[in-house]
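Engineer: using only what follows, build the 3D model:
(one chain, ligands or ions: 2)
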Amino acid sequence: MDSLRDKPIKFIYSVFCSVILLFACKYSTAELPRLVQPPKSDGTLSFLVVGDWGRRGSYNQSQVAIQMGRTGKDLNIDFVISTGDNFYDDGIISPYDSQFQDSFTRIYTASSLQKPWYNVLGNHDYRGNVDAQLSPMLRDLDCRWICLRSYVVNADIVDIFFVDTTPFVDKYFVEPKDHVYDWSGVLPRNKYLNNLLTDVDVALQESVAKWKIVVGHHTIKSAGHHGITKELEKQVLPILEANEVDLYINGHDHCLEHISSVDSGIQFLTSGGGSKAWKGDVAEWDPKEMRFYYDGQGFMSVNLSEAELRVVFYDGYGRVLHRWSTYEKGPYSDV
Ligand SMILES: *[C@@H]1O[C@H](CO)[C@@H](O)[C@H](O)[C@H]1NC(C)=O
Ligand SMILES: *[C@@H]1O[C@H](CO)[C@@H](O)[C@H](O)[C@H]1NC(C)=O
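Structural biologist: Ligands and ions are numbered 1, 2, ... in the order given. Modelled structure (predicted):
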């Protein structure tokens, strides 16, 4: 009698233990670091996005920076996102590299841009000293600078997931040409990538924010010079689709671009116009998906509330090139 009565309790206990174990396994990979960004007191949030910029002011970098300052003031921005390729041609060699001052601190001087800058690394950054760009010493030199490999910014109505995309791209490993990449911290590569994919998936699944935005340097969908990044299309895109991400924002192609996927609700936004542009080689793309392409310099803004998300692209003179917005999730419209 006693043992029979015990059975259900034992069963419940063993289920309980397996659940605990499952959770323990699930979270055995390191979680992505999380940073908290408070929204405005009215619950809204706005920010600018610029990519592919650090050229000591040349190729219109300074012009774009001046305009970002003006637009940043109009929108009362909360922060700036950089989509990577922060310093050309080969990243920085140490935290004291003059590039940091000459391409960042002395360029983005407007008062509206004295906000946190959330950065990711691009392939050009990997050609320098990666630890230098990740070093907290840069924050002593310029307190705006925030750069980790992969991380999440929790801003209440939106969670923004920053993903280190350079290690996914085969050609940097297989045919690096005369470039030397700093893979310290990335090898063994398969382990690094598998952990990263799991961490991003888990972080997206756990997100309870109204909006989900993923930021990486490399393209997933693009008609620009570099085009589609096959490795990300294969390995990262399914995770974004499964987790109903709203926006994927990248740089790498030196242009401004908006592609709406016909297969998912994800908007693919390229903001890589921070300096050198005008590549002149745009591939054909399904007109049902291609909503906007500008082969020149500029940047993007995002303004969101719980109910609405608005994206605007600007050229280096502040001319609005393209607007797009969505209410809730699903139907969208050009404004
Ligand atoms: C700077 O911007 C102007 C206006 O968009 C453009 O005509 C010019 O070619 C740009 N210069 C460079 C070096 O990209
Ligand atoms: C941002 O969006 C909110 C809500 O949609 C709106 O109230 C606010 O005016 C917008 N801000 C700007 C600067 O457009």
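
Engineer: contacts, neighbours, all on C-alpha from now
Structural biologist: Noted.

Engineer: and the spatially closest residue to I266 that is not a sequence neighbour, what does it touch?
Structural biologist: Once flanking residues are discounted, I266 sits nearest to D246: 5.0 Å by Cα to Cα, 6 or more residues apart in numbering. Going by Cα atoms under 8 Å, 6 or more residues apart in numbering, D246 touches 211-213, 265-267.

Engineer: secondary structure added to the residues you listed, as CSV?
Structural biologist: What follows is those, written out as CSV (DSSP: H, G, I helix; E, B strand; the rest coil):
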residue, secondary structure
W211, strand
K212, strand
I213, strand
G265, coil
I266, coil
Q267, strand
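
Engineer: flag the least confident of those.
Structural biologist: Scanning these for pLDDT, the low point is G265. It has 90.

Engineer: for the spatially closest residue to A223 that is not a sequence neighbour, which residues are in contact?
Structural biologist: Counting by Cα to Cα, 6+ apart, A223 lies nearest to A283, which is 4.9 Å off, once chain neighbours are set aside. Residues in contact with A283 (Cα under 8 Å, 6+ apart) are 223-225, 227.

Engineer: in the protein, what residue comes closest to ligand 2?
Structural biologist: Closest contact between the chain and ligand 2, by Cα to the nearest ligand atom, is at L75 (3.9 Å).

Engineer: correct me if wrong: that residue contacts S46.
Structural biologist: Yes - the pair L75 / S46 is scored as a contact, 6.8 Å apart, by Cα atoms under 8 Å.

Engineer: who has more neighbours out of these two?
Structural biologist: Shown here are L75 and S46; by other Cα atoms under 10 Å, S46 has more neighbours (21 against 16).

Engineer: pull the contacting residues for the more buried one.
Structural biologist: If you count contacts by Cα under 8 Å, 6+ apart, then S46 has 75-79, 301-304 around it.

Engineer: apply 6 Å and report the result again.
Structural biologist: Applying Cα atoms under 6 Å, 6 or more residues apart in numbering, we find S46 in contact with 77-78, 302-303.

Engineer: just the closest of these to ligand 1, please.
Structural biologist: Top of the list for closeness to ligand 1, among those and by Cα to the nearest ligand atom, is V302 at 22.0 Å.
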